[in-house]
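>>> Here is my input, please return the structure:
(one chain, ligands or ions: 1)
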Amino acid sequence: MQTSDIQAIDIHGHYGRNDRPGRDLAIRFQSADAAEVAHRARECNIQYTVVSPLLGLMPRGNADPVAGNDEAARVVARTQGILQWVIVDPLKPQTYEQADAMLKTPRCVGIKIHPEEHCYPIVEHGDRLFAFAAERHALVLTHSGERNSMPEDFVPFADAFPEMKLILAHIGNGWDGDMGHQVRAAVASRHGNLYADTSSASSIVPNLIEWAVREMGANRVLFGTDTPLYCAAMQRARIDCAALTDADKRLILRDNALLLLEGAGCDFATISTSSRNKE
Ligand SMILES: [Zn+2]
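Sure, this is the predicted structure:
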């Protein structure tokens, strides 16, 4: 068996419009609806993509996460292969209420936070955010690597709230050019509840993912693509072709995500039955 036969789970995707004013071609190339995201995933044997709506993240400083969450709940329910991160923006209190309700639905698997697009320092808002997540034993995916979201700033919160599990997005991403922030933060955490995903453009760099696996252990590295901002098939190929054992690739592509999502209450038997009923 080749690792490309493994039905992968993409822990970090989006759908919608890449709303970056003034960048016409980027908007055209990096936007896609949920059906297109699901199609691209199927083409490279990704069984599930967990998405947050770009409507709720962009444009920077002016996104509408409340509308994005409502839209995502509708879109995800009717799109096979797509699961939902509910966005919490601490500057928009209504998103906490949405998260509380949506986390109880079968296709909403956790919370997405984005200190950069929503323009707040995690050090100022992390206490309330992670207390909320910990109370619900929720899985959280955060953007990381820019000034408001430095991986090392998440370590004290991960240590203070061991009931929640936190995935640092974008292994290799650092505004200062340092590619090691996510990996070092995960290693530094005390309770093993800090993970990191492979969704960065930095994944094109040789040795990076392999180094991350050596430092963190393959059981803390999760496959992510950042689709449709990046090419899902290319991100998949990076893991299939990595200088890693097949056992490690299986953990990264599928088994780690399965364990985390099921641990967060995700019932794949129910999800696949409800998908079949909609076909
Ligand atoms: Zn992303």
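
>>> For Arg40, which three-state class applies?
Here Arg40 is recorded as helix under DSSP: H, G, I helix; E, B strand; the rest coil.

>>> Could you report the neighbour count for it?
21 (other CB atoms under 10 Å). Yep, even glycine has a C-beta here, placed from its N, CA and C like the rest.

>>> contacting residues for it?
Contacts for Arg40 (CB atoms under 8 Å, 6 or more residues apart in numbering) come out as 32, 227-228, 231-233.

>>> ditto for Val155
So Val155 contacts 185, 188-189, 194 (CB under 8 Å, 6+ apart).

>>> Give the buried residues for the helix or strand where it lies.
Assessed by DSSP states H and E, Val155 sits inside helix 151-160. By 16 or more other CB atoms under 10 Å, the buried positions in helix 151-160 come out as 151, 153-158.

>>> Tell me, how many residues neighbour Ala73?
Using other CB under 10 Å, Ala73 has 18 other residues around it.

>>> next one: Gly172
Count around Gly172 with other CB under 10 Å applied: 24.

>>> Distance check, it against Leu253.
18 Å (CB to CB, to the nearest Å).

>>> How about Ile122?
28 Å.

>>> again with Pro228
19 Å.

>>> just to revisit the earlier point, any idea which helix or strand comes after the helix holding Val155?
strand 165-168.

>>> tell me which residues in the helix or strand containing Ala247 are buried?
Taking DSSP H and E as the criterion, the element that holds Ala247 is helix 246-250. Neighbour counts over helix 246-250 (16+ other CB under 10 Å) mark 248-250 as buried.

>>> And for that helix, what's in contact with it?
Contacts for helix 246-250 (CB under 8 Å, 6+ apart): 3, 6, 213, 218, 239-240, 242.

>>> which of the contacts of Val155 are buried?
185, 189, 194.

>>> so the first one sits right up against Pro156, yeah?
In this case it means Ala185. No - distance between Ala185 and Pro156: 10.4 Å, which falls outside the contact criterion (CB atoms under 8 Å).

>>> Find residues that contact each of these two.
By CB under 8 Å, 6+ apart, no residue touches both Ala185 and Pro156.
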